[in-house]
Each structure stands twice: as structure tokens, then as C-alpha cells.
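> Task: produce atomic coordinates for the following.
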Amino acid sequence: MYQLQVENMSCGHCVGAVTKAVQAVDPAAQVEIDLAGKTVRIASASALAPLKSAIADAGYPVTSAA
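Take a look at the predicted model:
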């Protein structure tokens, strides 16, 4: 399970775009997004780096990860 701080998310479209970016890397990934807290929790067997890159490439900078 990864927990990321992700900027620029503000609406349902953002949730869909981030989820789609993550699932392009790992189609089986489970994604939970908290818009108010700007957090994205990802349950995935994939490495963190490609997930972060996919989110950033979609236009949502990852500012921290745990």
C-alpha cells in the first residue's frame, strides 16, 4: 500500500484521471482518493516509481510518498 500526496486534484474528473493513470500501469490496482486531503492510496503489486511517473504525466505532481 502506497500513500501519496498529490497536488492539483479538485474534482471528479481529477479522480478519474489519476485512477486511470495508475491502472494503466497496474490494471489490478485499487485506488482511493481523498480530494480534501490531497491523498491517493494505492494497493498495487507494482513498484512505486512507475506509479508516481504515471500520475505526474497525467498532470498531477506527486509531492511526497510513503
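
> And the strands in this structure?
Assigned by DSSP state E, the chain shows strands spanning 2-6, 30-34, 39-43, 62-65.

> by how many degrees do the longest helix anywhere in the chain and strand 30-34 diverge?
Ranked by number of residues, the top helix in the chain under DSSP state H is helix 12-25. Interaxial angle, helix 12-25 versus strand 30-34 (axes from the mean of the first three to the mean of the last three CA atoms, to 10 degrees): 150 degrees.

> show me what contacts the nearest residue to residue 62 once chain neighbours are set aside?
Using CB to CB, 6 or more residues apart in numbering and skipping the chain neighbours, the partner closest in space to residue 62 is residue 52 (4.7 Å). Using the backbone N, CA and C atoms, a C-beta is placed for each residue, glycine as well. Going by CB atoms under 8 Å, 6 or more residues apart in numbering, residue 52 touches 4, 62, 65.

> between the strands of the chain, which gets nearest to residue 13?
strand 30-34 (11.7 Å; CB to CB).

> Report all helices and strands that the lowest-mean-pLDDT helix or strand in the chain contacts.
Among the helices and strands of the chain, strand 62-65 carries the lowest confidence by mean pLDDT, DSSP states H and E, at a mean of 93. With contacts taken as 3 or more CB pairs under 8 Å, 6 or more residues apart in numbering; DSSP states H and E, strand 62-65 sits against strand 2-6, helix 48-57.

> would you put the C-alpha positions of that strand in PDB?
What follows is strand 62-65, C-alpha atoms only, in PDB (Å, rounded to 0.1, in the frame of the first residue of the first chain):
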ATOM      1  CA  VAL A  62       3.300  13.900  -6.500                       C
ATOM      2  CA  THR A  63       4.900  15.900  -3.600                       C
ATOM      3  CA  SER A  64       5.500  13.000  -1.200                       C
ATOM      4  CA  ALA A  65       5.200   9.300  -0.900                       C
END
